[in-house]
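Participant: Quick one, fold the following:
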Amino acid sequence: MRAVVIESPRRVQIAETPRPEAAPGQIIVQVHACGVCGTDVHIYRGEYLGGYPVIPGHEFAGEVVEVGEGVTEFEHGDRVAVEPNLSCGHCRFCGINEQNFCENWTAIGVTLPGAMAEYVAVPVSAAFDIGGLDYETAAFMEPLSCVLHGMQKLDVRYGESALILGAGPIGLLLAQVARDCGAARIVMADRIASRLARARELVADDAVDTSNGFEPAVAAGPDGYDAVIDATGAPAVMEQTVALARHGGRILWFGVAPNDAVASIKPFDIFRKGLHVYSSYTSLRNSVLALDLLWGGRVDVSGLVSHRLPLDRFEDAVELLASPEGAMKIQLQPGAKR
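Facilitator: Residues are numbered from 1 along each chain as shown. Here you go, the predicted structure:
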């Protein structure tokens, strides 16, 4: 089969690799849609966990084409989305239901071969029936599950104001969940005009251009926002969240910064304002909830896929995500035309 292989940081080849065979308890999924995530970009640049070589890709959906011994939950032709984070079930963290910190954690597309390939091996416990959802939509199960984990920590309440820094696809998922939680006013901030326009169309009460700085983003009054969410992972943006939150407010650092990045924060400001600062690592058994929201239309991902590319354009996808034009969600689709 053909697969994207990151041999080492910034070195990629489209390789012919052996098609995986289903071990006991596994299924083989033919990949139809795989989102390119900021995490994939960090892996490409050598800024994340895991080793090399690796086949990336952890946001995906596809068709079951083979089932291993003992698998009764799925059969050939079933349509699934996949939770890529795999826990052992017996370490201390698994024992206290914090499987995202599993001491033996592995992840499809990070430490295990991923879905930027024609086929991928998946433990049956990590696969979820998508019913009639199309593959493009179902591939959002994983990022939405991560969003739900973060938002459950942030605990947005009825009538509150929320500011989301970053109006890309993750920012728009965060904003929709905030609205579903009862936020009365949602403001989104970004430096890219096309993203701000989409934010206004989909969910935002206001969309603020931050290309010249963050001062205009403090539009909820002199006290700032009840909830401030960073969806960029840019340290310079994360530094602004303390000033933008109200006294007693809550901050969620959701975006993934490079693993060696440093941000400058004044601890006294956090103390004086009595802020609650949260981070969010992967997801925690949120996949079923994510699918329910997608099925029910409570979270709308239509129009979020801006590019559908074949496997051999992975590096083009990385460049598009960094471009000033502001691509939204890019999906690699093995059957797509160049």
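
Participant: Distance of the residue most central in space within the chain relative to Ala167?
Facilitator: For the chain, the residue nearest the mean C-alpha position is Pro143 (3.3 Å; CA atoms, centre = their mean). If you measure Pro143 against Ala167 using CB to CB, to the nearest Å, the figure is 15 Å. Glycine gets a C-beta too; all of them are placed from N, C-alpha and C.

Participant: same deal with Asn212?
Facilitator: 16 Å.

Participant: And Glu201, by the same measure?
Facilitator: Between Glu201 and Ala167 the computed distance is 11 Å (CB to CB).

Participant: So between those two, which is more surrounded?
Facilitator: Between Glu201 and Ala167, Ala167 has the larger neighbour count (other CB atoms under 10 Å), namely 32 against 11.

Participant: Just confirm the more buried one contacts Ala207, I think it does.
Facilitator: Yes: if you go by CB atoms under 8 Å, Ala167 and Ala207 touch, sitting 6.7 Å apart.

Participant: Got phi/psi on the closest residue to Pro53 other than its chain neighbours?
Facilitator: Of all residues not flanking Pro53 in the chain, Glu7 sits nearest, at 4.8 Å (CB to CB, 6 or more residues apart in numbering). Phi and psi for Glu7, reported as degrees, to the nearest 10, are phi -70, psi -40.

Participant: residues in contact with Glu7?
Facilitator: Gln13, Tyr52, Pro53 (CB atoms under 8 Å, 6 or more residues apart in numbering).

Participant: Tell me the buried residues in stretch 122-133?
Facilitator: By neighbour count on 16 or more other CB atoms under 10 Å, the buried set for stretch 122-133 is Val122, Pro123, Val124, Ala126, Ala127, Phe128, Ile130, Leu133.

Participant: And stretch 298-309, by the same measure?
Facilitator: Those would be Val299, Val301, Leu304, Val305, Ser306, His307, Arg308, Leu309, for stretch 298-309 by 16+ other CB under 10 Å.

Participant: all strands of the stretch 201-338 of the chain, in order?
Facilitator: Assigned strands in the stretch 201-338 of the chain, in chain order: 206-209, 225-230, 245-253, 276-279, 305-309, 329-332 (criterion: DSSP state E, counting those that start in this stretch).

Participant: For the third one, name the packing helices and strands.
Facilitator: In this case it means strand 245-253. helix 141-154, strand 225-230, helix 241-244, helix 267-273, strand 276-279 (3 or more CB pairs under 8 Å, 6 or more residues apart in numbering; DSSP states H and E).

Participant: ranking the ones you listed by burial, who's on top?
Facilitator: strand 225-230 (a mean of 27; mean count of other CB atoms under 10 Å).
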